[in-house]
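Trainee: my questions are about this predicted structure, shown below with the sequence.
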Amino acid sequence: MLTFGLTMVRHGETQYNKDKLLQGQGIDTPLSEVGVRQAEAAGLYLQDIRFTNVFVSNLQRATQTAKIILRNNVQSSSVEMVLDPLLKERGFGVAEGRPKEDLKNMANAAGQACRDFTPPGGETLEEVKTRFQKFLTSMFQRMMDNHCRAGQLACPTPFPTPLSQPVVAGLANDGVADLPIHALVVSHGAYIRVAVRHLVDELCCSLPAGLKMNHVYSACPNTGICRFIITLDLGESGPQPTVVHCIFINRKDHLAILKHLKND
């Protein structure tokens with residue numbers, strides 16, 4: 001049995017984000033100046049959190065964000081950054097590079113909600129979910145391989161199993177203060193939204209008291225942070241999640257410092 005923290009971060013702002021243009025997979029833009037500051041703020045917020053594993057989308061806005069976070073981290077700067085195309089943003093097909101308003105108009109014309117609509121050449125939400133499931137399978141196996149003895153479930157140090165909902169105190173280390181194993185994932189807004197929905201709806205993730213479902217399913221802001229605690233056990237087809245706790249979703253406390261600086 002292995003219990004570990006999973007912290008997911010959306011990349012910082014790009015000029016396309018600012019201009020409300022769709023990027024998807026085909027447009028690979030760097031962070032804007034604001035995006036760099038957001039990533040720095042996230043890095044400072046997470047600077048004392050030890051990450052044992054780091055998984056990142058291979059699009060540059062995500063890799064740039066992850067590098068900034070790790071550069072600020074006092075314990076994890078030398079951790080290997082695994083670039084994984086399974087973490088790429090949802091593909092938006094013909095809508096990539098166009099205003100988000102165009103996507104809304106396409107969806108309206110098709111009689112569908114914008115979030116559920118798939119433009120020609122784009123990925124369906126089901127296809128994105130399948131990519132996330134493949135990523136989870138790969139990550140779970142890597143976590144077991146990295147942190148448990150070969151061929152055994154016995155881990156080198158005792159790993160607490162969360163039997164009750166962890167306390168959320170509004171701190172950067174909520175849920176992971178006593179966990180020696182912790183994975184950082186840096187990805188994209190639409191992808192994270194699908195990932196969170198899968199963890200909550202299909203893996204029966206518990207939620208903090210008082211957390212409203214409209215927040216759970218809301219869009220993740222640039223450098224928004226989500227955290228889960230996952231317990232794995234070995235099933236017939238490999239490591240399987242047996243307990244999943246949500247600690248927080250779309251936290252953006254670290255961005256308050258940017259508003260303060262802007263107002264000074």
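Mentor: Sure, I can see it.

Trainee: please count neighbours and contacts with C-alpha atoms only from this point.
Mentor: Will do.

Trainee: mind listing the strands for this structure?
Mentor: In the chain, the segments counted as strands under DSSP state E are 2-10, 53-56, 81-83, 182-187, 225-235, 238-251.

Trainee: sheet partners, orientation included, of the first one?
Mentor: So that's strand 2-10. Based on DSSP bridges, the strands next to strand 2-10 in the sheet, each with its direction, are strand 182-187 (parallel), strand 225-235 (antiparallel).

Trainee: same check, this time on the third one
Mentor: Using DSSP bridges, the strands paired with strand 81-83 are strand 53-56 (parallel).

Trainee: pull out the buried residues from the strand it pairs with.
Mentor: Residues Asn53, Val54, Phe55, Val56 are the ones in strand 53-56 that count as buried (16 or more other CA atoms under 10 Å).

Trainee: what is the nearest of the residues you listed to Gln112?
Mentor: Within those, proximity to Gln112 (CA to CA) peaks at Val56, which comes in at 31.5 Å.

Trainee: in stretch 182-197, what counts as buried?
Mentor: The neighbour-count criterion (16+ other CA under 10 Å) identifies 182-197 as the buried residues of stretch 182-197.

Trainee: before we move on, what about stretch 136-153?
Mentor: Of the residues in stretch 136-153, those with enough neighbours to count as buried (16+ other CA under 10 Å) are Leu136, Thr137, Met139, Phe140, Gln141, Met143, Met144, His147, Cys148, Leu153.

Trainee: ok, now stretch 10-29?
Mentor: 10-14, 16-17, 21-26, 29.

Trainee: do the same with stretch 166-184
Mentor: Of the residues in stretch 166-184, those buried by neighbour count under the rule 16+ other CA under 10 Å are Pro166, Ala172, Asn173, Asp174, Gly175, Val176, Leu179, Pro180, Ile181, His182, Ala183, Leu184.

Trainee: also stretch 87-104?
Mentor: Residues of stretch 87-104 classed as buried under the neighbour-count rule (16+ other CA under 10 Å) are 87-93, 95-100, 103-104.

Trainee: quick revisit: now, the most widely separated pair of the buried residues of stretch 182-197?
Mentor: Comparing every pair within the buried residues of stretch 182-197 by CA to CA identifies His182 and Ala190 as the most remote, at 23.2 Å.

Trainee: ok, the residue lying closest to Cys226 once chain neighbours are set aside - how many residues close by?
Mentor: On the basis of CA to CA, 6 or more residues apart in numbering, the spatially nearest residue to Cys226 that is not a chain neighbour turns out to be Ile249, at 4.3 Å. By the measure other CA atoms under 10 Å, the count of residues near Ile249 is 22.

Trainee: I'd say Ile249 and Ala219 touch.
Mentor: No - no contact is recorded between Ile249 and Ala219 when judged using CA atoms under 8 Å, the distance being 10.0 Å.

Trainee: excluding its backbone neighbours, what's nearest Ile230?
Mentor: Counting by CA to CA, 6+ apart, Val244 is the residue found nearest to Ile230 once chain neighbours are left out, at 4.6 Å.

Trainee: how about that neighbour, what does it touch?
Mentor: The neighbourhood of Val244, defined by CA atoms under 8 Å, 6 or more residues apart in numbering, consists of Leu199, Leu203, Cys204, Cys205, Ser206, Phe228, Ile229, Ile230, Thr231.

Trainee: if I look at it, how far off is Phe4?
Mentor: Between Val244 and Phe4 the distance, using CA to CA, to the nearest Å, works out to 10 Å.

Trainee: what touches both of these two?
Mentor: With contacts defined as CA under 8 Å, 6+ apart, the residues adjacent to both Val244 and Phe4 are Ile229, Ile230, Thr231.

Trainee: let's have these in CSV, adding pLDDT.
Mentor: Rendered in CSV, the data for the shared contacts of Val244 and Phe4 read as follows (pLDDT from 0 to 100):
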residue, pLDDT
Ile229, 96
Ile230, 96
Thr231, 94
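
Trainee: in these, which residue is surrounded by the most others?
Mentor: Ile229 (24 neighbours).
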